[in-house]
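A.B. asks: structure, please.
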Amino acid sequence: MITVGIVGASGYSGGELLRLELTRDGNPVVAAMRERRILINCTDTTVLRFVPPLIITPDQVTETIEALRDVFGGLS
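C.D. replies: Residues are numbered from 1 along each chain as shown. Predicted coordinates for the structure are as follows:
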């Protein structure tokens with residue numbers, strides 16, 4: 001297991017636009033999340049961007065967080 005450093009995180013006050021800045025390339029994370037049917041994208045190589053629908057449920061947020069933990073834990 002490797003450590004994934006998080007440089008910063010922020011949100012947009014007008015809605016649920018979130019970013020998570022990593023210390024490594026985020027494209028493998030995007031691909032692994034897509035395999036889990038969760039869509040995120042990577043901007044500027046190291047920034048993961050989350051744009052959930054306004055009708056997202058707490059269970060879907062939990063599912064996404066758990067999937068991210070699994071993906072980060074499996075990176076080499």
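A.B. asks: low-confidence ranges, this protein, go.
C.D. replies: 1-15, 76 (pLDDT under 70).
A.B. asks: mind checking the SS state of the residue nearest to the spatial centre of the chain?
C.D. replies: Geometric centre of the chain, nearest residue: Leu48, 5.3 Å, by C-alpha atoms, centre = their mean. Per DSSP: H, G, I helix; E, B strand; the rest coil, the secondary structure class of Leu48 is strand.
A.B. asks: please apply the same query to Cys42.
C.D. replies: strand.
A.B. asks: neighbours around the residue nearest to it when sequence neighbours are not counted, how many?
C.D. replies: Distances taken as C-beta to C-beta, 6 or more residues apart in numbering put Gly26 closest to Cys42, at 4.0 Å, once the chain neighbours are dropped. Just so you know, the C-beta spots here come from the backbone N, C-alpha and C atoms, and that holds for glycine as well. Number of residues near Gly26 (other C-beta atoms under 10 Å) recorded here: 22.
A.B. asks: contact partners for Gly26?
C.D. replies: Cys42, Thr45, Thr46, Val47, Leu48 (C-beta atoms under 8 Å, 6 or more residues apart in numbering).
A.B. asks: burial count for Leu54?
C.D. replies: Count around Leu54 with other C-beta under 10 Å applied: 6.
A.B. asks: ok, it touching Glu16?
C.D. replies: Yes. Between Leu54 and Glu16 there is a contact under C-beta atoms under 8 Å: 6.8 Å.
A.B. asks: distance check, the residue nearest to the centre of the chain against Leu17.
C.D. replies: 12 Å (C-beta to C-beta, to the nearest Å).
A.B. asks: before we move on, what about Asn27?
C.D. replies: On the measure of C-beta to C-beta, Asn27 and Leu17 end up 20 Å apart.
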